[in-house]
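Novice: make a model of this:
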Amino acid sequence: MNRLPNKIALITGGTQSIGKTIAELFQQHGAHVIISGSRPAEEGAKIARDIHAGMIYLKLDVTLESDWENAMHFIQQKYGRLDILVNNAGIEQPANSNRPQNPEDCSLQDWRTVHQVNLDGVFLGCKHVIPLMKKQENCSIVNIGSRSGLTGIPSSAAYSSSKAAVRNYTKTVAMYCASRRYPIRCNVIHPAAILTNMWEKEFGDDEWRGQRIARFSESIPLRRMGTPMDVAYAALYLASDESRFMTGSEIIIDGGIMSGSAASANETVISVSPAGTES
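Specialist: Numbers count the residues shown, from 1 in each chain. This is a model prediction of the structure:
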C-alpha cells in the first residue's frame, strides 16, 4: 500500500547512503521525490534517474540561502506545493580536513564548516519550506540528527554539537508551527551505528574489514550494525499521515545502544591486525 500517495518530497543529501535510500523508499510509496546535493547537475540527474525515471535532482548547497530560494521557486512553479522535507545533508568533518576533531585540536574553520552544513542547512531548510507548507494540509519536516547529539563524543566535537542543536531546533520549529496553527509537523531521527560511508575510515576496505565490523557489533545490544533502510522506514512513518499526532518527537535508531551501558565515552573501534590482536 502506498503510504505517501502523490506527496511532494524534497530530500537533501539524497544522492547517497541514508538520503538515497529514503528517496528510493518514498518513491516506492507513491511520492514525487526531489533529491538534492552538491554534485554537478548531470551526475546528480543520473543518480535520480537510476532510482526512478521521474525523479528530479536539484543542485542545492544547503548552506546558501540563495540555493534554498531557487529550490522553493522551482518546486512552487512545478508542483505548486511541498508536503515533505527531509533535512538529511550532513558531514562529520570537512572533506579537505585531516585534523583531529576533538575539542582540543578541532580548528575553528572545521567547527564552523560542520555547523554550517549540519545546523545552518537545517535552519535554512525549515525557514524556506514553512511559507510553502503552511498553505497545505498535514505537512512533515523530518530532520536527521544523530546519537552523537545525545551524548558526548570526544572525537567529534563539532559534529556532536551540531546534531545536539538540530535536536533542540526540531522542537523549536515544531512548537512554532503548532502555535501558529500551521499544518506542519517537525520531528527528528537519531541514527547510530548505521553502516554508511562515514564508517569507512574506521573499518577500512582490507581483508580484516568484516572482523572489525563483527567486533564493533558485539557492543551493540542487537549484535549488528544498522542499515540505511532501518532509518528510511522511520522517515517514511514520520513523513506519512500515520504520524499526524507526532510533532517535536524523537526516534532513536541505534540497536539499543542508548538504552544500555554500551553508550559510553569510548569511541575507539576495535581494530584487527593480521595477527588477530586487538588494539
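
Novice: so residue 15 sits against residue 44, correct?
Specialist: Yes: with contact defined as C-beta atoms under 8 Å, residue 15 counts as touching residue 44 (5.8 Å). Just so you know, the C-beta spots here come from the backbone N, C-alpha and C atoms, and that holds for glycine as well.

Novice: need the overlap of contacts for the two.
Specialist: Residues touching both residue 15 and residue 44 (C-beta atoms under 8 Å, 6 or more residues apart in numbering): 35, 37, 57.

Novice: so the second one makes contact with residue 10?
Specialist: No: with contacts defined as C-beta under 8 Å, residue 37 does not count as touching residue 10, sitting 11.6 Å away.

Novice: what's the overlap in contacts for the two?
Specialist: Common neighbours of residue 37 and residue 10, counting by C-beta under 8 Å, 6+ apart, are absent.

Novice: what count of nearby residues applies to the nearest residue to residue 144 once chain neighbours are set aside?
Specialist: Spatial nearest neighbour of residue 144, chain neighbours left out: residue 88 (4.7 Å); criterion: C-beta to C-beta, 6 or more residues apart in numbering. Under the neighbour criterion other C-beta atoms under 10 Å, residue 88 is assigned a count of 28.

Novice: residue 80 now?
Specialist: 11.

Novice: what do you get for residue 208?
Specialist: 16.

Novice: which of the shared contacts of residue 15 and residue 44 lies closest to residue 207?
Specialist: Nearest to residue 207 among the shared contacts of residue 15 and residue 44: residue 37, at 32.3 Å, using C-beta to C-beta.

Novice: pLDDT wise, what is the closest one at?
Specialist: With respect to pLDDT, residue 37 has a value of 98.

Novice: residues contacting the residue nearest to the spatial centre of the chain?
Specialist: Closest to where the C-alpha atoms of the chain average out (C-alpha atoms, centre = their mean) is residue 88, at 3.0 Å. Residue 88 makes contacts with 11-14, 18-19, 22, 144, as judged by C-beta under 8 Å, 6+ apart.

Novice: which one of those sits closest to residue 206?
Specialist: When these are compared against residue 206 (criterion: C-beta to C-beta), the nearest one is residue 18, at 24.8 Å.

Novice: nearest spatial neighbour of that closest one, skipping sequence neighbours?
Specialist: residue 228 (4.5 Å).
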